[in-house]
Structure formats: C-alpha cells, structure tokens
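Colleague: Provide a 3D model corresponding to the input given below.
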Amino acid sequence: MISTIGNVLQVVALIVSAIAAISLVAGARGHHEGLVNAGYLMVFGNAIALTACLGLILVCFLTENYSIAYVVSNYPSTTSALKPLYLVSAVWAGRQGSLLLWTWLISLYAAVVAWKRMHVTDDLSSVALGVTEVIVALFLCTLVFSDSNNPFMPTASEYLNADGTLAQRVGGMNPLLMHWAMILHPPATFIGYAGCALPFAYAMAAIITGDLSARWVELADRLAIFSFIFLTIGMSLGAVWAYVVLGWGGFWGWDAVENASLFSWLTAVAMIHSFTMYRKHGIFRRWSMFAATITFIFVVLGTFITRSGLVQSVHAFAQDQVSTYLFLAIMVVAALAFLIGLLYRNAEFGEDDDQIESLFSKNGSYFITNLVMIVAAVLCAYLTVSSALPSWMPLGGSVVAAGAFNAVARPVGTLFCLLMAVCPMLGWRKTDGAKFARNMRVPAILGAVLFVALMVLFVTKLAPEYDAIVAAGGDAATTLTEQGPRIYYFALTVVAFAAASLLFASSAYLLARGVGARRRNKGENALAALVNLFRRSPAQAGGYLTHLSVAIVLVGLVGSSMYVREQTLNLTATAGESGQVGAYTLTYEDGREYSTTGNNKLKEITLKVTDASGKELGTLKPSLEVSATNTGQQTLHAGVLTFPGEDLFVAFQGLNADGSLSVHVKVNPLILLNWIGGGVAVLGIVLAFAPRRATPLLAADERVRVEAAEEEAVRAERAQVRTKRRARPRKKS
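Modeller: A predicted model of the protein is given here:
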C-alpha cells in the first residue's frame, strides 16, 4: 500500500511539474495571465506532492514499516541516544532517498520564489520558475523510470513475516553514517546544490525574455548567497566527519565525490563576485550568466559522478543507466541552452560592458578572480574524471593521485589569497599608484608582524618536522619528496604564509577602518560601531570577515596537509608497552572486547599519552567495531587529543599476524585553524546574507503592485460610472 501511494505521488509530481513548466513559460511569452496563475499553483502542487513523498518515507522509518525496501536497507539498528535523529537522517542515507531529498529541495526553492513573486508574476520570474520545474521534472524522471533510484520499491516477500515485521535482518544503515556530522552534512550539501538551480533558471529566463538588465541578478543574488552558505557548511561538515569517523586522520583525500562538491563551490565564488559587479556596476553580464550556468552544470556533474559509475569512489553509489543518461542530458542541454542563448542575444549585451581598462583595478581583480576560480574548477573536474576519458586525451584512462591535485591546488590557492588581500585596496576601473601605496601601508606593516610570527613557527616547528619525517623514511617521507625538492616545498610554505598574513591584515584593517569611521561619524562606541557596521553594510563587512577566515584556513592547511607526521606502532598487548611518535610517547594500559548494539563486536584499547619530559597529557581509547549486519564492515573510532598547535590522532587498526596491536598515529599541526576558519567563514557569509533594506528592484516591484492596484481601482470606478449611467431613467421625447 505504502509503495503504491508513494509511486502514485511521484508520478503526480512529475506530471504537475511538466504542466507547470509549460504553463509558466507559454503564459509568460504569450502574456496569458490565466496560464501563468495556473503555473504558479502547479509549482505549489508539485512541492506538496514531493513533501508528501518525503513525509511518507519518514513515517515508515519512525514506525518501523518495512514494506518498502529502502527502509529495510537503511534502518539504523542502534540504541544510541541519537537514534531519533538517525531515523530522520535515514531518509537521505541511501541513493534513492538522497535523490528524492534533492528533488524536493529544488521544488521547495521554486515554491518559495513563487510565493514571493506571485503578487507581481513578472515574466522574468515566471519563466525562471518554468525552467526550474523542467529541472524538477527531469530529476523526477530518474526516480520514476529507474528501479534503483525509486525509494518506493516494495520489499521482497521472503524478507517479511505475515505481520509485516522483518523475517531476517538485512542491510541497515551504514555504521559510518551514524555520526552527528552525517546527520547534517547531506542536507546542508543538498540545500546548496538545489539552490544553484535558481540562478541558472533566472539566467535562462533573462535570455528567453530578453530582459538583460540587472533585474535577474537582483532576484537571484540572495538565492546564490544562501546556496553558497550551505555549500560551505556542507563541505566543512564533510571534512569534520572524514576526520573523526573514517580513521585515516585526514579531512580531504581528493576523492572523486569529495571533489564533486568542490567544483560547484569554486564556480559559486565566481558567480557571487560576478553578480556583485553586474548588480552594482552593470558589467560582467556574460560572466554572470556563464558562472550561473557552469555552477549548475558542476552540481549535476557531482551527481553524475556519484551515480553513473563513471569514476570509482568509496562514496559513490552503484551504476545506474537511467541516471547516467538523464544527468548527462541535463548537463549537455544546460550548456547548449546557454551557448545558443548567448549567441542569440549577443548584440543586446553591448560591446563595452565586460571590457577591463586595467587589470590593476577592482574590475581587473574581479576578472582574475573569476578566471582563477573557473579554471581551477574545470581543471579539478578534468583530473577527477580523467580515468573515464579516452586514452588519446591528456591523462585519459589515468587515475590522478592526490599528490597531483596538491601540486596544482597549493600554488593556485596561494595566488588566490594574494589576490584577495590586494583587491579591496584597488580603485575602480584604474588604480592610482600613490593612493594604493597609502592604502596598503598599514596592512603591509601588520602583515609583516604576523608573517614574522609565522616564520618563527616555520623555523622552529615545521621545518624540523619536515626533516625528521624525511629522515625517518617510509611512505610519509615518499609522499613529501614526491611534492618537489626541499627548497620548493619550503618556498611554497613561505609564500603561503606571506599571502595569509597580508590577507588577514588587510581584512582586519578594513573592518577596523569601518568601525573607526562609524565611531567618528556617529559617535558610537567600538562594540556598537562593529554591530552597526554589519547591520548597515552586511555584504561588505561580511565579505571582509569571510576573507579573513580564508587567511586562517590557509595557515591551517599548510600545517595539516604539508607537515603531517605519520607512523604505525606495533605494540604487544602488555601493560607498559610503549612507542614513540615525535614528541609523544604512547603507553598501552589495557584492552577489552565486547558486543554492542546489534551484536557488533567492539575491540577497544587504552593508551596513556605523555610528552618528552614524562608529563601525562591525557588518555586515548581508540577502538575497532566490526558490524554484524554489513558483511563484517569495520569502523575505526579514533582517539584525538587536541592541543593549540596540533592534534594527536590515534586509530586502532586491529591485530597483526603475530598478535601485536596495529596503532596508526598522526600528528596534525595547526589543524584547529581549519575548523576555526571554517566557522568564521560561515559566519561571514551569513552576515553578508543578513536582511537588507529594500533594493531599487524590490521598490520597483512594489510600485508595479501599487500601480496595478491603482489601475484596477480606476477601472472599477469607470465601470461603476457606466453602470450608473445605464441605470438612469431616460427622458421621454
């Protein structure tokens, strides 16, 4: 019964989305108010149908209704205090549920836009909603026409008892997903992904309607920033989850599915910067449409990689032909629609709109920023899918190792940070050299002080660490030496620290200058001035805070990805047995083995950690859990000691052939700065997104509404006059 209802709801949603798309586009192009109004209602109907689908699956998990196979495959068998939340996150734990969640979110975005724009029902918004409904319909096709994507497939009868309970426990939620970060990471990422459909839809609507003013950007800008917030949150949560759950002591391994979220994040940076230039200065029109289109394409590419089997990944789902062809078709059609539309409207863009008079200007730096972000995203995407490309193409058929990604990402990231540090100090169109020098004086001095502090850290901590790792040999030494000679490695570190110092100083200086200006002009105290700065100029102040966070993250990345000490200790299970990793001594105290929820077997050891002087720093209890239902899958529960300058990460990997304990240890310098910087970045973007005063566009929309009401009142008054005239008795002749 549940399966039938769910499948019917999905088909209804598909039909409604198709009707909505046709009604909205045809109605807007033909100026048919009735069709447009019907289209808006269909948008709401589509969102309601998909909400019912999602709610139906949630109810099945909450009530342990195993009549659909998706519940059987993803039910969390645990007695954890977080189980109520796991029951909710189970809705998107598998491929079918995650695709349904994504589709629902796109429909929800469309419904919100329809609700906000229904008092105007302008052609631009109507066509954008029509394009969005086409996207929803295509996503629904992957659910309706593919059994492997359909979350409402019934459970095979042999797995159920007569009363509907499970005859035997099969599948269940992957133990790796039973973590607080994985409750939040997928929905945050999908909120970001789904939101990227709307800027693309508005760009297509601008081309279709011929309205190439900044109007479409005004309507899409906040949607783009909102999506970017969640793309950033999603990536940050994914990094936290990988670090504490997967047991390898890292947070980014250049896996294909990890990279998929990075493509759209990079192009979203270009999109937001382009929108700013378009909205404020009327330039970067083509850039804005291109960035919106390629961001959407890369979002779909991420799903294509995850579901097509194109690239091997530990995070990818099994191959599905329907998904492969449909998502490939979405990408191709989106690219062709943009290119054809751009050629068709090319003359209407104007010839001088995107010209840059000087690269040494804000305009020029925005252009370079866009170029760096787009090229980096395209290059990362190419390297990710290279193994699936034909052999005659560069790197075709080759799997690109993480070291190759690092070799490209590190210098490009450093260059980008230098650009971010200098850009706010430049002038529009052209930069006066003397004025630029005056603007840079204070940030340069502050940056120099910070740079000296970082160089002390480099000389006393990081450089000796590098030499010690290389001297010890092994895989860690090989990984370092493969990244280039020592002088290049150190030079890259020095330049990165210089870029981070200047970026941090310039961002902090600009924030302080804004606070100082308010104190002088408004007579406010420092705290009130800071608060009001973010209230009155949220986009600018939030942007500076976000730039500052990037500087923090850059320093964290240098330490936690370039100077990591890694070693495996083989300890006998004897109290007092110890091993040395860097400045830390790990001493075995005891171990135990017991059964957990669902008869999982957990092996836990206790290690005392001391420093070189013998001072006790803490106790770690890393463990290894073997699942009873997921074909013996092992989950490593690492132990982590966090210090201001580094983390000590310890994972128990089980027993060696000789019965000794295999303990994997990593010392991750400066990793805490990554989490701090990520939090500051999200805060900055959220503040930039904070409610603002009505923009000229929204004021214009209000005028449209008022004028329409006034016209309606005039028409009603005239009709009333005509009625009175007809009602007058005629004089007899």
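
Colleague: my read: P76 touches K83, true?
Modeller: Yes. Using Cβ atoms under 8 Å, P76 is in contact with K83, at 6.2 Å. Heads up, the C-betas are built off the backbone N, CA and C, glycines and all.

Colleague: which one of those two is surrounded by more residues?
Modeller: Under the neighbour definition other Cβ atoms under 10 Å, P76 and K83 were set side by side, and P76 has more, 24 against 15.

Colleague: can you tell me the SS state at the more buried one?
Modeller: coil (DSSP: H, G, I helix; E, B strand; the rest coil).

Colleague: what's the distance between it and L177?
Modeller: Note on P76: its distance to L177, by Cβ to Cβ, to the nearest Å, is 8 Å.

Colleague: what's the nearest residue to A472 if we skip its chain neighbours?
Modeller: Setting aside the residues directly before and after it, A472 is nearest to Q567 in space (Cβ to Cβ, 6 or more residues apart in numbering), at 7.6 Å.

Colleague: okay, and the beta partners of the one you found?
Modeller: Counting by DSSP bridges, Q567 forms beta bridges with V665.

Colleague: contacting residues around it?
Modeller: Counting by Cβ atoms under 8 Å, 6 or more residues apart in numbering, Q567 makes contact with A472, G474, A476, V581, H664, V665.

Colleague: who wins for neighbours among these?
Modeller: V665 (23 neighbours).

Colleague: distance of that residue relative to F497?
Modeller: 27 Å.

Colleague: cool, and A453?
Modeller: As judged by Cβ to Cβ, A453 and F497 stand 9 Å apart.

Colleague: look up how far F226 lies from N370.
Modeller: For N370 relative to F226 (Cβ to Cβ), the value is 21 Å.

Colleague: which of the two has more residues huddled nearby?
Modeller: N370 (22 against 18).

Colleague: phi, psi for the more buried one please.
Modeller: Dihedral pair for N370: phi -60, psi -40, per degrees, to the nearest 10.

Colleague: what helix or strand is the closest residue to it other than its chain neighbours on?
Modeller: Among residues not flanking N370 along the chain, A270 sits closest, at 4.3 Å (Cβ to Cβ, 6+ apart). Using DSSP states H and E, A270 sits in helix 256-281.

Colleague: pLDDT on that helix, on average?
Modeller: Taken as a whole, helix 256-281 has a mean pLDDT of 89.

Colleague: quick one: buried residues of that helix?
Modeller: By neighbour count with 16 or more other Cβ atoms under 10 Å, helix 256-281 contains the buried residues 256-279.

Colleague: whichever helix or strand comes after that helix - contacts with which helices or strands?
Modeller: Counting by DSSP H and E, the next helix or strand C-terminal to helix 256-281 is helix 285-308. Identification of packing neighbours for helix 285-308 by 3 or more Cβ pairs under 8 Å, 6 or more residues apart in numbering; DSSP states H and E yields helix 95-117, helix 180-195, helix 197-209, helix 215-245, helix 256-281, helix 321-344, helix 362-385.

Colleague: buried deepest among those helices, which one?
Modeller: Of all the helices and strands packed on helix 285-308, helix 197-209 carries the top mean neighbour count, a mean of 26, counting by mean count of other Cβ atoms under 10 Å.

Colleague: that helix - contacts with which helices or strands?
Modeller: Going by 3+ Cβ pairs under 8 Å, 6+ apart, helix 197-209 lies up against helix 2-29, helix 95-117, helix 123-144, helix 215-245, helix 285-308, helix 321-344.

Colleague: out of the ones you listed, which comes closest to T63?
Modeller: Nearest of these to T63, taken as Cβ to Cβ: helix 2-29 at 10.1 Å.

Colleague: worst-scoring helix or strand of the protein, pLDDT-wise?
Modeller: When each helix and strand of the chain is scored by mean pLDDT, DSSP states H and E, helix 696-727 comes last, with a mean of 54.

Colleague: picking that back up, any chance of JSON lines for the contacts of Q567, columns distance to T142 and pLDDT?
Modeller: Putting the contacts of Q567 into JSON lines (distance: Cβ to Cβ, whole Å; pLDDT from 0 to 100) gives the following:
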{"residue": "A472", "distance to T142": "50", "pLDDT": "84"}
{"residue": "G474", "distance to T142": "46", "pLDDT": "81"}
{"residue": "A476", "distance to T142": "43", "pLDDT": "80"}
{"residue": "V581", "distance to T142": "48", "pLDDT": "90"}
{"residue": "H664", "distance to T142": "40", "pLDDT": "92"}
{"residue": "V665", "distance to T142": "44", "pLDDT": "93"}
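
Colleague: got JSON lines for those residues, with distance to N363 too?
Modeller: Output for the contacts of Q567, formatted as JSON lines (distance: Cβ to Cβ, whole Å):
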{"residue": "A472", "distance to N363": "50"}
{"residue": "G474", "distance to N363": "50"}
{"residue": "A476", "distance to N363": "45"}
{"residue": "V581", "distance to N363": "51"}
{"residue": "H664", "distance to N363": "50"}
{"residue": "V665", "distance to N363": "50"}
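
Colleague: which of those sits closest to S361?
Modeller: Using Cβ to Cβ, these come closest to S361 at A476, 44.8 Å.

Colleague: in the longest helix along the chain, what's buried?
Modeller: Longest helix in the chain by number of residues (criterion: DSSP state H): helix 486-522. By neighbour count on 16+ other Cβ under 10 Å, the buried set for helix 486-522 is 489-490, 492-493, 495-511, 514-515, 518.

Colleague: using TSV, please lay out the helices and strands packed on helix 197-209 together with mean pLDDT and distance to S157.
Modeller: Below are the helices and strands packed on helix 197-209 laid out as TSV (pLDDT from 0 to 100; distance: least, Cβ to Cβ, whole Å):
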stretch	mean pLDDT	distance to S157
helix 2-29	94	12
helix 95-117	94	20
helix 123-144	94	23
helix 215-245	92	36
helix 285-308	88	28
helix 321-344	89	26
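
Colleague: for A638, which of those helices is the nearest?
Modeller: Among those, helix 215-245 sits nearest to A638 (Cβ to Cβ), with 6.6 Å.

Colleague: could you say which helix or strand holds D647?
Modeller: Going by DSSP H and E, D647 is in strand 646-655.

Colleague: tell me which residues in that strand are buried?
Modeller: Buried residues in strand 646-655, counted by 16+ other Cβ under 10 Å: E646, D647, L648, F649, V650, A651, F652.

Colleague: one more: stretch 19-30?
Modeller: I19, A20, A21, I22, S23, L24, V25, A26, G27, A28.

Colleague: over to stretch 28-48?
Modeller: Buried-residue list, stretch 28-48, by 16+ other Cβ under 10 Å: 28, 35-40, 42-48.

Colleague: list the contacts of the residue nearest the centre of the chain.
Modeller: The centroid of the chain falls nearest to L231 when counting by Cα atoms, centre = their mean (2.0 Å). With contacts defined as Cβ under 8 Å, 6+ apart, the neighbours of L231 are T189, G192, Y193, C196, S261, S264, W265, A268.

Colleague: measure the closest residue in space to the third one that isn't next to it in sequence to T293 for me?
Modeller: Using Cβ to Cβ, 6+ apart and skipping the chain neighbours, the partner closest in space to Y193 is V299 (4.8 Å). Taking Cβ to Cβ as the measure, V299 and T293 are separated by 11 Å.

Colleague: what of A49?
Modeller: 28 Å.

Colleague: just A205 next, same as before
Modeller: 12 Å.

Colleague: can you check G247 too?
Modeller: According to Cβ to Cβ, G247 stands 39 Å off from T293.

Colleague: same check, this time on L262
Modeller: L262 is 18 Å from T293, by Cβ to Cβ.

Colleague: now P154
Modeller: 40 Å.

Colleague: now R536
Modeller: From R536 over to T293 (counting by Cβ to Cβ), the distance is 34 Å.

Colleague: between those two, tell me which one has more neighbours.
Modeller: More crowded of R536 and T293, by other Cβ under 10 Å: T293, with 23 against 14.

Colleague: quick check: that one touching A197?
Modeller: No. In this structure T293 lies outside contact range of A197 using Cβ under 8 Å: 11.1 Å.
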